[in-house]
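Peer 1: Any chance you can model this:
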Amino acid sequence: SREIRLAALGGRSLAELMNAIGRNLDGPGVFGRIATRAEAIARTEVLRVYVLSFRARGDQLAQVVPGLRKRWVHATGTLPRGRLPRGMYRPRPEHVALHGTVIPWAEQFTVGGEKAFGPHDPKLSARQSVNCKCRLELVFPDE
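Peer 2: From the prediction side, this is the model:
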């Protein structure tokens, strides 16, 4: 937990975080290699910290910007013709289907039957959050 906080604040690189996590794992689990598992944990948890801070800032902004909304952006939605670079993860159909969806800031998305304020929401199951590369965008009333 301390190492993740340090990495999220810029005090550790992602590589340093992955090494620290890898030293504490007893096996690769379903990932095949300890390094792959450590990378998945590091990326998932650092993104979760970023998203929680983004959400807190959005909550503050929504108090002064009536009609603030949010847009779910899937990583493949920004690529030409939805093509994935070689070696990139397999997209989750539930996340691809949400790409471009705009809802009011305070509402929740439905992600594979689960309710969440956005990608990396701590309420999401591992199936919906581990290695997720989606993000949220703010949508202002005049957009």
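Peer 1: ok, now which ones touch His74?
Peer 2: Pro91, His95, Val96, Leu98, His99, Lys133, Cys134 (C-beta atoms under 8 Å, 6 or more residues apart in numbering). All C-beta spots, glycine's among them, are computed from the backbone N, C-alpha and C.
Peer 1: among the residues you listed, which one has the lowest pLDDT?
Peer 2: Within these, Pro91 has the lowest pLDDT, namely 81.
Peer 1: For it, which three-state class applies?
Peer 2: coil (DSSP: H, G, I helix; E, B strand; the rest coil).
Peer 1: Now it. Nearest residue, chain neighbours left out?
Peer 2: Thr76 (5.2 Å; C-beta to C-beta, 6 or more residues apart in numbering).
Peer 1: One more: Gly58?
Peer 2: With C-beta to C-beta, 6+ apart, the residue lying closest to Gly58 is Trp105, at 5.9 Å.
Peer 1: Can you tell me how far that neighbour is from Val139?
Peer 2: According to C-beta to C-beta, to the nearest Å, Trp105 stands 9 Å off from Val139.
Peer 1: the more surrounded of those two?
Peer 2: Between Trp105 and Val139, counted using other C-beta atoms under 10 Å, the more crowded position is Trp105 (19 against 16).
Peer 1: need the contact list for the more buried one.
Peer 2: Residues in contact with Trp105 (C-beta under 8 Å, 6+ apart) are Gly58, Asp59, Leu61, Ala62, Leu68, Arg69, Lys70.
Peer 1: Then Val65?
Peer 2: Applying C-beta under 8 Å, 6+ apart, the residues contacting Val65 are Phe140, Pro141.
Peer 1: can you give me the strands for this structure?
Peer 2: 69-73, 102-104, 109-111, 114-116, 135-139 (DSSP state E).
Peer 1: out of these, which comes closest to Leu47?
Peer 2: strand 135-139 (8.4 Å; C-beta to C-beta).
Peer 1: Neighbouring strands - and their directions - for the closest one?
Peer 2: strand 69-73 (antiparallel) (DSSP bridges).
Peer 1: worst-scoring helix or strand of the chain, pLDDT-wise?
Peer 2: Counting by mean pLDDT, DSSP states H and E, the chain has its least confident helix or strand at helix 2-8, which shows a mean of 79.
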